[in-house]
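A.B. asks: Sequence and predicted structure below; questions after.
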Amino acid sequence: MLLGTPALILMIHYDKLAQENYDGTFRYYLFRTSRAKIYWSKFASALAEIALITLTATLIAVLYGHFKLDNFDTLKVLGYSLKYWLAGITPLLAFSSMVFMFSSWVKRPFLALLLSAATVIGAGVIMNWYPWMSPFNLDYWKGLFVPGTQLMLNSVLIYLGYTALFSTLGFLIFKKRDL
Amino acid sequence: MKAFLILFKDNLLTSLKSKKTIFFLVLYVVIFALAIHVVEEVQQEAIRRVVNQGGIDPELYRMSFNFMVEFLKLNSNDIVQSFLSVPL
């Protein structure tokens, strides 16, 4: 979860805006709709896509365990898996908004991928000096798994804070840039 | 709102049908299935070792191990590390 989800988000989202910007297809949308609708609809659909991929993969893996493994407690593992999937929604929002920001900033999709990867690696490296700044801080992740506590509230607020920051920046860049 | 929904639906359907999405879905299924496999194998091995030693009730050990799995959030690497540190 800790490394897999950001990597998946990176690979799925990096070209969502940059590719269309590179191809110059946004101008066709802009005849009929606003930039805000384009940006937020792309962001929402990308989030739905990641959520569906992770949920489908989880359910298939549980089914695999049910049929292939002896003494496999299907209901219990299914319960855990759905709980962890739900808990992973807020980090998913934060990482997606970060990748979207870079995708709206640069014109070449590969550059968006490089910048996003560098930021993810940087967020991991910064753990050594300023752990409170890093979304990989284990305390934030652990907080997501203890429902109904102050720790969970803090974790959710931190990830929503990252989401608000990156989404706003990404949208402002997308709004101002030459398409 | 209607334009937003149409764009949302179009983007989502286009993305879901892409080869990239299907590739990562398959990759994620394989990773998750492997993680489940590792957890189950490690758990069985732990029970086998305790049974061979005699003394501790395997069911009790299974329960405590399940608790550890929950605590470690099904992170297979952590589970293997913790398992290796179990004194025998």
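C.D. replies: Nice, I can see it.
A.B. asks: so residue A:66 touches residue A:76, yeah?
C.D. replies: No. The pair residue A:66 and residue A:76 does not pass the contact test of C-beta atoms under 8 Å, sitting 11.3 Å apart. Every C-beta, even on glycine, is put in place using the N, C-alpha and C of the backbone.
A.B. asks: So which of these two has more stuff around it?
C.D. replies: Neighbours per residue (other C-beta atoms under 10 Å in any protein chain shown) separate residue A:66 from residue A:76, with residue A:66 holding more: 15 against 12.
A.B. asks: Which positions within the helix or strand that one falls within qualify as buried?
C.D. replies: Under the criterion of DSSP states H and E, residue A:66 resides in helix A:35-68. Buried positions in helix A:35-68, judged by neighbour count with 16 or more other C-beta atoms under 10 Å in any protein chain shown: A:35, A:37-51, A:53-54, A:57-62, A:64-65.
A.B. asks: try stretch A:123-141
C.D. replies: The neighbour-count check on stretch A:123-141 (16+ other C-beta under 10 Å) flags A:123, A:126, A:127, A:134, A:135, A:136, A:137, A:140, A:141 as buried.
A.B. asks: How about stretch A:149-163?
C.D. replies: Of the residues in stretch A:149-163, A:151, A:152, A:155, A:156, A:158, A:159, A:162, A:163 count as buried by neighbour count, 16+ other C-beta under 10 Å.
A.B. asks: In chain B, mark out all the strands, start to finish.
C.D. replies: Taking DSSP state E, chain B contains no strands at all.
A.B. asks: how about the helices in it?
C.D. replies: Applying DSSP state H to chain B gives helices spanning B:2-16, B:19-53, B:58-71, B:76-84.
A.B. asks: weakest of those helices by average pLDDT?
C.D. replies: Per-stretch mean pLDDT for those is lowest at helix B:76-84 (a mean of 51).
A.B. asks: for residue B:3, what are its contacts?
C.D. replies: By C-beta atoms under 8 Å, 6 or more residues apart in numbering or on different chains, the residues touching residue B:3 are A:32, A:33, A:37.
A.B. asks: Show only the entries of the buried residues of stretch A:149-163 found in helices.
C.D. replies: Counting by DSSP H, the part of those found in helices is A:151, A:152, A:155, A:156, A:158, A:159, A:162, A:163.
A.B. asks: Near residue A:6, how many other residues are there?
C.D. replies: For residue A:6, using other C-beta under 10 Å, the count is 25.
A.B. asks: what angle separates the host helix or strand of it from helix A:35-68?
C.D. replies: Taking DSSP H and E as the criterion, residue A:6 maps to helix A:4-13. With axes from the mean of the first three to the mean of the last three C-alpha atoms, to 10 degrees defining the directions, helix A:4-13 sits at 130 degrees from helix A:35-68.
A.B. asks: Now do helix A:4-13, average pLDDT.
C.D. replies: 80.
A.B. asks: now stretch A:104-121
C.D. replies: For stretch A:104-121, the per-residue pLDDT averages 87.
A.B. asks: how far out from the middle of the chain is that stretch?
C.D. replies: Its chain's C-alpha centre and that of stretch A:104-121 lie 14 Å apart, by C-alpha atoms, centre = their mean, to the nearest Å.
A.B. asks: what about that stretch, near chain B?
C.D. replies: No. Figure legend: stretch A:104-121 not in contact with chain B (C-beta under 8 Å from any C-beta of the partner chain); closest approach 11.7 Å.
A.B. asks: got a list of contacts for that stretch?
C.D. replies: Contacts of stretch A:104-121 (C-beta under 8 Å, 6+ apart): A:6-7, A:10-11, A:13-15, A:17-19, A:21-22, A:39, A:95, A:98-99, A:102-103, A:170-171, A:173-174, A:177.
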